[in-house]
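> Just the structure for this:
(one chain, ligands or ions: 1)
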Amino acid sequence: MTRRGAFVVVEGLDRSGKTTQTGILRQRIQEAGKEVFCVKFPVAEVAVDRSTPIGKMIDAYLRSQSDLDDHVVHLLFSANRWELALVLYSRINHTSDFDDRTISDCFIAWFNLQHALIHVTTRLISSTIISSLEQGKIVLCDRYAFSGIAFSVAKSLPSQSSPSTTSQTPGKLPPISLHWARAPDAALPSPDLTLFLDVSPEIALTRGGYGEERYEKADMQKRVRSVFQEIGGEVTADAGQGKWIVVDAGKEMSAVTEEMWGHVQTLLDGINGSIGRLWD
Ligand code: Z5A
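Take a look at the predicted model:
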């Protein structure tokens, strides 16, 4: 039986080095003679030349140019993952009938008819992550559904600086639970390996560009870190969700690379067995 490629996700706190390390890993995988398909969430630019409608909405929100309810934001991030399937599908098949409007229409339908559309989009995602894995490629992903859960749930936790309050406006919708946050990503492919880059907010603060976006605040990052720890525990306890490895990303850059590469190397020859599904 042919072995499929491995699905590797790099997760982590802000400025933990996800993008830098993903780039280095990509190069190493190629140097090892293996094909790699890379993706980064949130996706603002897909393929080479265009912004996705949902990506633009997320970007405006993160830059504090728009305000949205936390639940809506959570669903947008998840939609952005499903959206990748649609946009790449149209690119791969060179269809011109999948323009921005068609994609937006699909997502209005997605919000209204979640269950029916999940079946359609699950088939479409086969054209991207799943088909790459089936072709034996390594799929390398910078942030995935775990980020979606960690950031959305963290917003609903009490602030550590003023524990009696949450960032949720009183009288609005209920806080976001882990259970609720997981639902929109259910049935997406589950990673074989998640490398979680752990760095303290204090160290992150010393790295370039920190503090420019909405979530880049020490208190929020501490809450995100605690939710990530909880998610890591759940993934570790569930054999179907792949391995969860915590990497100390506060170390020197090359030391972080070597530790991550040590784990990825073991997967270069591919995997026997089917691709898992999130939260199955
Ligand atoms: N978000 C969400 O809410 N829901 C979702 O479903 C998803 C995401 C998918 C934007 O994400 C926000 O979206 C993010 C979570 C939320 N919010 N926050 N906060 P993004 O992925 O577009 O942006 P980002 O995650 O904020 O990227 P990043 O944190 O800015 O960077 P990074 O990829 O982790 O780090 P980097 O760019 O590779 O490195 C940052 C700097 O540190 C750079 O100058 C490096 O040279 C330096 N660096 C890296 N490693 C080291 C070491 N080891 N030592 C010293 N310096 C280092």
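> for the protein, which spans come out with low pLDDT?
Residue ranges of the chain with pLDDT under 70: 1, 43-52, 82-127, 160-173.
> And the helices in it?
Along the chain, counting by DSSP state H, helices occupy 18-31, 53-62, 70-92, 100-112, 114-125, 131-134, 145-156, 178-182, 201-205, 218-237, 253-265.
> For Glu212, which of the ones you listed is the nearest?
Glu212 sits nearest to helix 53-62 of all those, at 9.2 Å, using CB to CB. For the C-beta atoms, the positions are set from N, CA and C on the backbone; glycine is no exception.
> For the closest one, buried residues please.
Within helix 53-62, the residues that count as buried by 16 or more other CB atoms under 10 Å are Pro53, Ile54, Gly55, Met57, Ile58, Asp59, Tyr61, Leu62.
> how about the residue nearest to the last one when sequence neighbours are not counted, what does it touch?
To tie it back to what came earlier, the one meant is Leu62. Nearest residue to Leu62, sequence neighbours excluded (CB to CB, 6 or more residues apart in numbering): Glu213, at 4.8 Å. Residues counted as contacts of Glu213 (CB atoms under 8 Å, 6 or more residues apart in numbering) are Leu62, Arg63, Ser64.
> ok, so of those, who is nearest the ligand?
Distance to the ligand across those (CB to the nearest ligand atom) is lowest for Leu62, with 5.6 Å.
> I figured that closest one hits Arg214, correct?
Yes. Contact between Leu62 and Arg214 holds when scored by CB atoms under 8 Å: they sit 5.4 Å apart.
> Near the ligand, which residues of the stretch 151-280 of the chain? Just list them.
Phe151, Arg207, Gly208, Glu213, Tyr215, Glu216, Ala249, Glu252, Met253, Val256 (CB under 6 Å from any ligand atom).
> for the ligand, what are the nearby residues on the stretch 1-150 of the chain?
Selection of the stretch 1-150 of the chain residues close to the ligand by CB under 6 Å from any ligand atom yields 12, 14-20, 41-42, 62, 77, 143, 147-148.
> now those residues: which count as buried?
Of these, these count as buried by 16+ other CB under 10 Å: 12, 14-18, 20, 41-42, 62, 77, 143, 147-148.
> Quick one: these as JSON lines, columns for distance to Leu68 too.
Shown next, in JSON lines, are those (distance: CB to CB, whole Å):
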{"residue": "Gly12", "distance to Leu68": "24"}
{"residue": "Asp14", "distance to Leu68": "20"}
{"residue": "Arg15", "distance to Leu68": "24"}
{"residue": "Ser16", "distance to Leu68": "26"}
{"residue": "Gly17", "distance to Leu68": "29"}
{"residue": "Lys18", "distance to Leu68": "24"}
{"residue": "Thr20", "distance to Leu68": "30"}
{"residue": "Phe41", "distance to Leu68": "18"}
{"residue": "Pro42", "distance to Leu68": "14"}
{"residue": "Leu62", "distance to Leu68": "11"}
{"residue": "Phe77", "distance to Leu68": "11"}
{"residue": "Arg143", "distance to Leu68": "19"}
{"residue": "Ser147", "distance to Leu68": "17"}
{"residue": "Gly148", "distance to Leu68": "15"}
